[in-house]
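[1] Sequence first, predicted model second:
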Amino acid sequence: MPEIQFQGNRYPLDENENLLDGLLRQNARAPYSCRAGVCHSCMLRITAGCSPAVAPSLLTEEQIKKGYILTCQTRVTADLSLTLPTRDEVPGILTELESLNSTEIIIKVSTRLPFEVSIGEHITLVSNAGFEATYPVTGFSSDSQTLECTIVRSAGGSPFSAWIHSEARTGDRLMVIKNG
């Protein structure tokens, strides 16, 4: 029976029990929302133990390399120590795409987890497909954990800006990384 260490407590899991279900069954204060791996709210980072097999379509390669897992999609067979994502790197969801003109879009991203950033500070946004680029924050609400950036598309620009302008939709997942 695997044992999970999380937020200073130990949680034994039943054989073949989903990680999120096992934590919640024992009243752990584990974050979650959709329970389908879409929102990434349940993402935790492995600090000790072997990473269980993860569905690669749900996490980016970079997230997997850093030891992140989605607890709602994970079955554990060995002991693990887990922690919440660091505040300088959190999952986000595109909540709004507002086209200003043919080359500029204002995006709003909800992080759902505590994330402190200042207007003018640069963050890196990483799409689920692995496109990434760095932008200054043009707006931030700590009440709703929502930040805003203006994405300019230019000839020969970044694949991330091309993705935002042509393929991104409200509800798409991103990783938000605080620079510096």
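    Received the coordinates, thanks. Numbering: from 1, shown residues only.

[2] Next one: the residue nearest the centre of the chain, what pLDDT does it get?
    Nearest residue to the geometric centre of the chain (C-alpha atoms, centre = their mean): residue 91, 1.8 Å. Looking at residue 91, its pLDDT is 86.

[3] same thing with residue 56?
    Listed pLDDT for residue 56 reads 51.

[4] Only the C-alpha atoms, please, for the helix or strand bottoming out on mean pLDDT in the chain, written as PDB.
    Ranking every helix and strand in the chain by mean pLDDT, DSSP states H and E puts helix 61-65 at the bottom, with a mean of 77. The C-alpha coordinates for helix 61-65 follow below in PDB (Å, rounded to 0.1, in the frame of the first residue of the first chain):
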ATOM      1  CA  GLU A  61       7.100  17.500 -21.600                       C
ATOM      2  CA  GLU A  62       8.500  20.400 -19.500                       C
ATOM      3  CA  GLN A  63       5.900  19.800 -16.800                       C
ATOM      4  CA  ILE A  64       6.700  16.100 -16.700                       C
ATOM      5  CA  LYS A  65      10.500  16.800 -16.500                       C
END
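
[5] now that helix, how far from the centre of its chain.
    11 Å (C-alpha atoms, centre = their mean, to the nearest Å).

[6] what's that helix packed up against?
    Applying 3 or more C-beta pairs under 8 Å, 6 or more residues apart in numbering; DSSP states H and E, we find helix 61-65 packed against no helix or strand. Glycine gets a C-beta too; all of them are placed from N, C-alpha and C.

[7] Perfect, I'm done here.
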